[in-house]
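# turn this into a model:
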Amino acid sequence: MADRFYATGKRKKAVARVWIVPGTGKVTVNQMDADQYFGGMFQHSRIAKPFQVTETADQYDVVATLKGGGKSAQVDALAHGISKALLEVGGDYRGSLKRSGLLTRDPRNKERKKYGQKGARAKFQFSKR
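Numbering: from 1, shown residues only. Purely as a prediction, here's the structure:
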């Protein structure tokens, strides 16, 4: 059995490279504690959800590298990466993770700005005269 498991999680432009190793439940993000990295908006429940669903809380340490996006998208990318890494640990977690919607990458992205317009949907004000 391998001593660490790797997966990649994504959300919008955020990419999380996640390694999980047997441990005590410590989460390290970009060489910082998760509380310190995410500051006041640390969403521990969103990050811990894959562990709660699979009933593996406090069994694995998480080491992650996050790039791109905002903090909220990074939290979701981290949860997605943890879920995929748990699949590497054991295939019996797949059903519960899938039912919770943790294996599905959220496909929503920012719509691009169109030429001749103010934004993606917003247009310049029309003046007849």
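# phi and psi next, for Val21.
phi -130, psi 150 (degrees, to the nearest 10).
# hang on, I meant Gln117
The phi/psi pair for Gln117 (degrees, to the nearest 10) is phi -130, psi 170.
# how close does it sit to Asn109?
18 Å (C-beta to C-beta, to the nearest Å). C-beta here means a position set from N, CA and C on the backbone, and glycine is covered the same way.
# wait, Arg112 touches Arg121, no?
No - Arg112 is beyond contact range of Arg121, at 10.9 Å (criterion: C-beta atoms under 8 Å).
# could you list the low-pLDDT ranges of the protein?
1-2, 40-43, 91 (pLDDT under 70).
# any idea which element the spatially most central residue of the chain lies in?
The residue lying closest to the centre of the chain (C-alpha atoms, centre = their mean) is Ala77, at 1.5 Å. Here Ala77, judged by DSSP states H and E, is contained in helix 71-89.
# tell me which residues of the next helix or strand after that helix come out buried.
Note on helix 71-89: by DSSP H and E, the next helix or strand toward the C-terminus is helix 94-99. In terms of neighbour count (16 or more other C-beta atoms under 10 Å), helix 94-99 has its buried residues at Leu97.
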